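Student: Sequence first, predicted model second:
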Amino acid sequence: MANHSLDTLFASLADPTRRAVIERLAHGPAAVKELAAPHNMALPSFLQHIKVMEAGGIIATRKEGRQRICRMEPNALIPLQGWLEWQRLAWEAQVSDPEN
């Protein structure tokens, strides 16, 4: 697995604002303006978060009239899930090995 994809996935999840957006998008697509509303920041600053998540492949956006709609990319977290599972198995092996 390429470290670059893990790096961009972790970067996409590293900020609480981005995690909140992802939690919201788990319920369905939403306009950028709707996603920005609960956050106390200017829209240009919020759009930077959208760009990071889009670059990480976690969300996709499309223009719909005057709005930009965001949606989750359903398979985006699979590489991260695989890496975390591999780490879990390695940790469990260390814990269950009586010589360590």
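Tutor: Structure's in. What do you need?

Student: Could you use CA atoms for every contact and neighbour count after this?
Tutor: Will do.

Student: Need the phi and psi values for residue 89.
Tutor: Main-chain dihedrals, residue 89, degrees, to the nearest 10: phi -60, psi -40.

Student: typo on my end, it should be residue 39
Tutor: Taking degrees, to the nearest 10, you get phi -100, psi 140 for the backbone angles of residue 39.

Student: what residue ranges in this protein score low on pLDDT?
Tutor: Filtered on pLDDT under 70, the chain yields the residue ranges 1-4, 97-100.

Student: okay, now the closest residue to residue 80 other than its chain neighbours: neighbour count?
Tutor: Leaving aside its chain neighbours, residue 80 sits nearest to residue 6 (6.3 Å; criterion: C-alpha to C-alpha, 6 or more residues apart in numbering). Burial of residue 6 is recorded as 16 neighbouring residues (other C-alpha atoms under 10 Å).

Student: What of residue 56?
Tutor: Counted with other C-alpha under 10 Å, the burial measure for residue 56 works out to 22 neighbours.

Student: one step back: distance-wise, check the residue nearest to residue 80 relative to residue 70.
Tutor: Plainly put, residue 6 is 22 Å away from residue 70 if you go by C-alpha to C-alpha, to the nearest Å.
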